[in-house]
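Novice: coords below, sequence missing:
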């Protein structure tokens, strides 16, 4: 019985457990289409992409886990009045894909909400009547609206608004 207790509480078994814990906390496998944002002492250090990655144990930590897949989000419906005083209810679907995990994590608190608000603002701008700031009114044809919405890329505009 003493031999079993001596074996369990031996120096080598304790060292093996310690090495296992350190190895488990320092080796990270990042799945495909995911990105881990690593912080060192609470400050951004690096972004880990898919595959085998290493962390400095007890110093580095994974701050954010971002999916790099494309997601579909509903843009809430809103009322709009065209130049010729026609009342419309406008809604849409927003396809969102994170291209830069660093900016999605640190650029804005809730990037999905920010992009949804940007899409709503753009839809209102396309359908709204002219203002003193925009003296040339848009055409009211549905083909014109489709061309403007098809050319709208949220990702290109989002960087300008976040930085």
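Specialist: Alright, I've got the coordinates. Keep in mind that what you see is a predicted model, and the values were worked out from it rather than measured. Numbers count the residues shown, from 1 in each chain.
Novice: same for whichever strand or helix holds residue 125, what does it pack against?
Specialist: For residue 125, the host element (DSSP states H and E) is helix 111-127. Taking 3 or more Cβ pairs under 8 Å, 6 or more residues apart in numbering; DSSP states H and E as contact, the helices and strands that helix 111-127 lies on are strand 70-81, strand 87-97, helix 142-150, helix 154-162. C-beta here means a position set from N, CA and C on the backbone, and glycine is covered the same way.
Novice: let me see the domain layout of the protein.
Specialist: For the chain, automatic domain parsing gives the domain ranges 2-67, 70-162.
Novice: three-state assignment of residue 23?
Specialist: Reduced to three states with DSSP: H, G, I helix; E, B strand; the rest coil, the structure at residue 23 is helix.
Novice: how far away is it from residue 57?
Specialist: From residue 23 over to residue 57 the distance is 8 Å, taken as Cβ to Cβ, to the nearest Å.
Novice: these two - which one has more neighbours?
Specialist: Neighbours were counted for residue 23 and for residue 57 using other Cβ atoms under 10 Å; residue 57 has more, 14 against 10.
Novice: who are the contact partners of that one?
Specialist: Neighbouring residues of residue 57 by Cβ atoms under 8 Å, 6 or more residues apart in numbering: 22, 25, 26.
Novice: pretty sure residue 30 is touching residue 37, no?
Specialist: No: if you go by Cβ atoms under 8 Å, residue 30 and residue 37 don't touch, sitting 10.9 Å apart.
Novice: what secondary structure does the residue positioned nearest the centre of the chain sit in?
Specialist: The residue lying closest to the centre of the chain (Cα atoms, centre = their mean) is residue 104, at 4.2 Å. Counting by three-state DSSP, the backbone at residue 104 sits in helix.
Novice: what residues sit buried inside the helix holding residue 125?
Specialist: Neighbour counts over helix 111-127 (16 or more other Cβ atoms under 10 Å) mark 111, 114, 115, 116, 118, 119, 120, 122, 123, 126, 127 as buried.
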